[in-house]
Structures are given as structure tokens and as C-alpha cells.
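1. Generate coordinates for the sequence data below:
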Amino acid sequence: MEYSEKEARAVVLACCLSGFIPPLLSTMMNLSLVNIGEDFDIGSHDLAYVNSAFLLTSVLFMVPFSKLADIVGKKRLFVIGLMITVIGCFVGCLAPDFWFVVVARGIIGIGSAALATVSISMITDVTPVGKRGTILGYNTMCVYMGLSLGPVIGGALNDLIGWRLLFLLTVPLAIAATTIITRGFKGEIRPDAGGMFDTRGSMIYGVAILL
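-> A predicted model of the protein is given here:
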């Protein structure tokens, strides 16, 4: 299926933003763990759950989401992933205790899994073969920009605005990515791939990851 240049540009820009968000937030939060521990009187051993929750859910949901994207459509799953990420950010910002922070990072991990599952395939679907290498390079650049800027931004702002508001810094980016792809790309990418969701296979995969 052929896509217009405007549609391709919207998809690429939204995907690049989505690639920037998770690594930015993760590296910002790494520098906030000490402050989170002090606020909730949590030891360093339990603080490891903050990052573990993100890693576990992002890996756990990535494979099931790959099939779900074929059923509901890649764009729809992409937008759902952005919204899940926003919800997780608000849960983290408003967390009344430490375990809500852990849950928030787990929710963000689910959203990130949805984004990671469809972003690359969406870019390859809408861009010509001759330009895919360049465009995918831009996407990878955005990921590493998030990894590089996260410690700088997190370190500078952690003591100024507090760790709670760091959760909200990525919300405008997620909203911007949602707006760009919903307004610039009206259709869907391969919405008719169809098939049944492999519930049993997903459960076996999930148990294997947890073990």
C-alpha cells in the first residue's frame, strides 16, 4: 500500500518521539532513586524494584503486542501505548507510597512495549526501501538522545522540581506524538492482517519470562 509523503512524515516523526520518551524517562528516574528512597524511607535493595518493574513488563508484553498489532492495527496499538505511558506517568507523579512508584514504572513498561513493538515496523511500512536505512537511523538517534539527555536533565531538575514532576516531563511529548499521528495519518497500517490472538502461547511466554 502506498502512503503519501505527509502521512509518512507524520508516522516517522511520531515514532521518533516515541523512541525518545522511554529512555529519557528511565535515565532520569535512575538519578531520582535516592530521593525516592529518602521520601518513602526505602532501602537500596527495594529501590531495585523500580527499574525491574519497567524491564519486566516491557519484555513480558512485547511478544503478545506483536500479534495484537496485526489484529487491531499498528497505529491503534501505537496510540494505546502512548496513552498507557501517560497514565503511568501520572500514577508515578501522584504516588502516595513507594509501591505505587513501582506500579507506575510497570505501567510505563507496558506502554513502552507497545511502542517498541510497532514503531520500527510502522516506519518500514510507510517509507520507500531506498530511504529506510536513513529513517531508521534517525529513529535510533532519538533513542540514544533520550539515553544521553536523561541523566543531564534528570540531574539538573531533580533537586529543583523533585522526582514527581520528572514523571510529567515526558507527557507533553507523548501527547504531541499522539496528535501528530492521529491528525497526520488518518488511516491504519495493515489493519486486516487478522488472525486469532494466541492466548495460550502468550501465557506460556509470560510464565517463562517470570521464571
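2. can you tell me which residues contact the spatially most central residue of the chain?
-> Nearest to the geometric centre of the chain sits Ser112, at 2.4 Å (CA atoms, centre = their mean). Contacts here follow CB atoms under 8 Å, 6 or more residues apart in numbering; on that basis Ser112 touches Ile21, Pro22, Phe54, Ser58, Gly81, Thr85. The way it works is simple: take the backbone N, C-alpha and C, and place the C-beta from them, glycine included.
3. now that we have those residues, which one has the most neighbours?
-> Ranked by the number of neighbours (other CB atoms under 10 Å), those place Gly81 first, at 29 neighbours.
4. Could you measure from it over to Leu173?
-> From Gly81 across to Leu173, the span is 13 Å (CB to CB, to the nearest Å).
5. So Glu188 is in contact with Asp70, correct?
-> No - using CB atoms under 8 Å as the test, Glu188 is too far from Asp70 to be in contact (11.5 Å).
6. These two: which is more packed in?
-> Using other CB under 10 Å, the more surrounded residue of Glu188 and Asp70 is Asp70, with 17 against 12.
7. Gly155 against Leu31, yeah?
-> Yes - with contacts defined as CB under 8 Å, Gly155 counts as touching Leu31 at a distance of 5.3 Å.
8. picking up where we left off before, before we move on, which element is the residue nearest to the centre of the chain in?
-> helix 98-126 (DSSP states H and E).
9. on that earlier part again, specify which residue of Gly155 and Leu31 has the higher count of neighbours.
-> Between Gly155 and Leu31, Leu31 has the larger neighbour count (other CB under 10 Å), namely 20 against 14.
10. And the helices in the chain, which stretches?
-> Applying DSSP state H to the chain gives helices spanning 5-30, 33-40, 44-72, 74-93, 98-126, 129-161, 163-168, 171-184, 199-210.
11. who does the shortest one touch, helix- and strand-wise?
-> In this case it means helix 163-168. Judged by 3 or more CB pairs under 8 Å, 6 or more residues apart in numbering; DSSP states H and E, helix 163-168 is in contact with helix 5-30, helix 33-40, helix 74-93, helix 129-161.
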